[in-house]
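Student: below: sequence and its predicted model.
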Amino acid sequence: MSEHQGFLTTYSSQSWAIVVSRFNQRVTDRLLEGAVDTLIRHGVPADNIDVFWVPGAFEIPNLVNRLVNQKYAAIITLGAIVRGETPHFDFIASAATSAIADLARHSPMPIIFGVLTTDTMAQAEDRADGKSGNKGAEAALSAIEMANLYHRLQKD
C-alpha cells in the first residue's frame, strides 16, 4: 500500500477544496478533471470534493483566504496564466503566485499551487493533458502527500 493510500483510508472522510480559474477554461477544465480523478482514485469520495470557480487566477487567493477557516484536508489551486503581448501576464502571475504562497505559509492546512504560467497556449495545453502530463493530477497528489504530513504532525 502506498503512503498516499494508507493516509486516505484513515482520512478520506475529510472534504477537499479545489479553487479553479474560469479564465483559459479549456485548459483549467482539464486540470480540474485530472485533480478530481486523482483524488477519487486515491479514495476521496466525489461528494467530499468541493469545487469553487473564480473568474481568473488573480481571484484565486481571495477565495482561498475565505476557505482556510473551513475544515478541508487541503486546498488545491488551479489556473492557467498565458503570456500575451502586454506586461499584464507578469503582474497577474506575480500577484497570484505571491498571494497563494503567503496564504500557504500561514494556513492550518496545505494549500497547493497548481497555477500554470506559460508563454503559449500550447505549453499550457501540454501541461493540462499532453506531453507534460496533467499538472492538475500532480497538484492533487501533492495535496494528498502534504495533508498526510500535516495529519502525522498533528498526531505527534
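Tutor: That came through, no problem.
Student: which residues of this protein score low on pLDDT?
Tutor: By pLDDT under 70, the low-scoring segments of the chain are 1-12, 156.
Student: list the contacts of the longest helix along it.
Tutor: Assignment by DSSP state H gives helix 135-155 as the longest helix of the chain. Contacts made with helix 135-155 from outside it, assessed by Cβ atoms under 8 Å, 6 or more residues apart in numbering, are listed as 3-4, 7-8, 10-11, 14, 16, 30-39, 42, 73-78, 109-110, 112-114, 116, 127-128. Using the backbone N, CA and C atoms, a C-beta is placed for each residue, glycine as well.
Student: narrow those to those that are buried.
Tutor: The neighbour-count test (16 or more other Cβ atoms under 10 Å) marks 4, 7-8, 11, 14, 16, 30-32, 34-36, 38-39, 42, 73-78, 109-110, 112-114, 116, 127-128 as buried among the contacts of helix 135-155.
Student: ok, back up a step: from the contacts of helix 135-155, which land in strands?
Tutor: For these, the ones inside strands are 16, 73-78, 112-114, 116, with DSSP state E as the criterion.
Student: check those and tell me the two furthest apart.
Tutor: Within the ones in strands among the contacts of helix 135-155, two members stand farthest from each other by Cβ to Cβ: Ala73 and Leu116, at 23.2 Å.
Student: so Arg30 touches Asn134, yeah?
Tutor: Yes. With the criterion set as Cβ atoms under 8 Å, Arg30 and Asn134 qualify as a contacting pair; they are 6.8 Å apart.
Student: shared neighbours of the two, anything?
Tutor: Counting by Cβ under 8 Å, 6+ apart, the residues touching both Arg30 and Asn134 are Ala128.
Student: mind listing the helices for the chain?
Tutor: 3-11, 25-41, 60-67, 88-106, 121-129, 135-155.
Student: let me have those in CSV, extended by distance to Val51.
Tutor: Conversion of these to CSV gives the following (distance: least, Cβ to Cβ, whole Å):
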stretch, distance to Val51
helix 3-11, 19
helix 25-41, 7
helix 60-67, 11
helix 88-106, 17
helix 121-129, 16
helix 135-155, 12
